[in-house]
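Trainee: mind looking at a prediction? Sequence and model below.
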Amino acid sequence: MTTHDRMLKALNRLAKWRVLFAGWQLGTRTDTDAEANAVKDHRELSMISRAEITAITRILIEKGVCTFDELEDRIALEADELSAAIGKHFPGIEATDDGLHWFDIPKIRQWMRDRNWRP
């Protein structure tokens, strides 16, 4: 078996968990349920991405390209920058250590109305 074949087999085996996660989140659904299929697809993407990122990270650390502390520092920076970018997309809301802070309710309500959010 080639390395590529071994990788595909392992990723396919990992992706099997998507069904359990979808059932946990939504309850039992049919194979044709669009909402369940969307959750399955998202779970599969999350699991495979995590495996890929962990593999790349492990290689970089083992080869001495970066240290674990440098990696953690960069992850903190990237997480803060992404949180700030998401905050700009949702005016009136910010993420804090205690949860989401909805600091401008009238602005949030108008923003949601403008985008036809469900109540």
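Mentor: That came through, no problem. For clarity, every value in this text was computed on a predicted model and none was experimentally measured.
Trainee: can we go C-alpha only for contacts and neighbour counts from here?
Mentor: Will do.
Trainee: this structure - how does it break down into domains?
Mentor: The chain breaks down by automatic domain parsing into domains covering 1-65, 69-119.
Trainee: would you mark the buried spots in stretch 94-103?
Mentor: Of all the residues in stretch 94-103, those buried under the rule 16 or more other CA atoms under 10 Å are Glu94.
Trainee: all helices for this protein, in order.
Mentor: 3-15, 17-26, 34-62, 68-89, 105-114 (DSSP state H).
Trainee: show me the residue at the heart of this protein, geometrically.
Mentor: Ser46 (5.7 Å; CA atoms, centre = their mean).
Trainee: tell me the confidence at His89?
Mentor: In the prediction, the pLDDT value recorded for His89 is 92.
Trainee: tell me how many other residues crowd it.
Mentor: Applying other CA atoms under 10 Å, we find 10 other residues in the vicinity of His89.
Trainee: and if you look at Ile59?
Mentor: 13.
Trainee: low-confidence ranges, the chain, go.
Mentor: Low-confidence segments of the chain, defined by pLDDT under 70, are absent.
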